[in-house]
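Participant: what shape does this take:
(one chain, ligands or ions: 2)
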Amino acid sequence: MKLIDGKATAQTIREELKTEVAALKDRLGRAPGLAVVLVGEDPASQVYVRNKIKACEDTGIVSKAFRPEASVSQAELEDLVRRLNADPELDGILVQLPLPRGLDSQRILDLIDPAKDVDGFHPVSMGRLTLGLPGLRPCTPAGVMELLRRYDIPTKGKKAVVVGRSNIVGKPMALLLAQPGVDATVTLCHSRTRDLAAECRQADILVAAIGKANFITADMIKDGAVVIDVGMNRTEKGLAGDCDFHAMKDKVAAITPVPGGVGPMTIAMLMVNTLAACRRRMGLES
Ligand SMILES: Nc1nc(=O)c2c([nH]1)NC[C@@H]1CN(c3ccc(C(=O)N[C@@H](CCC(=O)O)C(=O)O)cc3)C=[N+]21
Ligand SMILES: [Mg+2]
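Facilitator: Ligands and ions are numbered 1, 2, ... in the order given. The predicted structure follows:
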């Protein structure tokens, strides 16, 4: 078994970005800027947002945090997004999800300027991904693709099974794996899939994005498969992935741990997207 070390890979990417951010700053007279919006006090969200701000500091990206109270109205939050859209020094806008009850997150996401959509959740970003056009890709699936590339995991003609059909992971993940040049044959499974175990056993590459601790068991994995665990489940024993890592580790060719796998890559790709959005907005390429 080869351990796919997302934490180390994310660190490498962050080092690479440092140089690029510094060069861009010289050229533009300002660093790329990211707005991070956290509504309310959800403790898990606070940790994630802190990590994102730390990653910005690390790479030289300027972060601006906005912390409206959970009681903020839909109209007030929409006004904030409009102000962030209009701020020329902000290249990316991230509104941490989930939003507190009563707020319509899709309406907020739809309002973000697609040029600043570093989460890749806007319908324009999703549409561009679907059509195979250049654009900002959702960070978690983009991070998985980066791990596959950097670990030289072959995808062409391989069977990839994605479990979970969410808009932020499963759906874009399936599209990225099927895109020309990657060329996996993709099966997208979900809660209504009949005989999920049989589908999973076909996988050369299995991506688990379900949100249930240890849901994918060793008997569901083909010998020599590559397992990517996107799960981030808080249990009494601490953070757990969607896959039973210990039971399957001797059976797989390679596997991502939780923590230390996909999670840190998500944050690294947010930095990559912010840099890309900055370049693009400033007319510097693609
Ligand atoms: N607009 C928006 N964009 C997001 O990208 C977004 C979001 N909302 N809401 C919540 C989810 C979750 N997410 C994670 C990112 C990094 C780790 C991460 O770095 N995890 C560490 C462990 C962190 C820990 O110990 O809790 C690891 O896996 O090693 C986890 C989760 C981004 N999300
Ligand atoms: Mg995630």
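Participant: only C-alpha atoms for contact and neighbour calcs from this point on.
Facilitator: OK.
Participant: list the buried ones in the longest helix belonging to the chain?
Facilitator: Identified as the longest helix of the chain according to DSSP state H is helix 6-28. In terms of neighbour count (16 or more other C-alpha atoms under 10 Å), helix 6-28 has its buried residues at 6-7, 9-11, 13-14, 17-18, 21-22, 24.
Participant: how about stretch 79-94?
Facilitator: Result for stretch 79-94 [16+ other C-alpha under 10 Å]: buried residues 80-81, 84-85, 89-94.
Participant: among these, which one sits closest to P68?
Facilitator: Distance to P68 across the buried residues of stretch 79-94 (C-alpha to C-alpha) is lowest for L80, with 9.3 Å.
Participant: also within reach of ligand 1: list those from the buried residues of stretch 79-94.
Facilitator: Filtering the buried residues of stretch 79-94 for neighbours of ligand 1 using C-alpha under 6 Å from any ligand atom leaves L94.
Participant: what is the nearest of the buried residues of stretch 79-94 to ligand 1?
Facilitator: In terms of C-alpha to the nearest ligand atom, no member of the buried residues of stretch 79-94 lies closer to ligand 1 than L94, at 5.3 Å.
Participant: got the contact list for that closest one?
Facilitator: Neighbouring residues of L94 by C-alpha atoms under 8 Å, 6 or more residues apart in numbering: 34-37, 117-119.
Participant: can you give me the helices for the stretch 1-150 of the chain?
Facilitator: All helices of the stretch 1-150 of the chain, identified by DSSP state H, counting those that start in this stretch, fall at 6-28, 43-59, 74-86, 105-111, 123-131, 139-150.
Participant: packing partners of the first one?
Facilitator: If I follow you right, that is helix 6-28. With contacts defined as 3 or more C-alpha pairs under 8 Å, 6 or more residues apart in numbering; DSSP states H and E, the packing partners of helix 6-28 are helix 43-59, helix 262-281.
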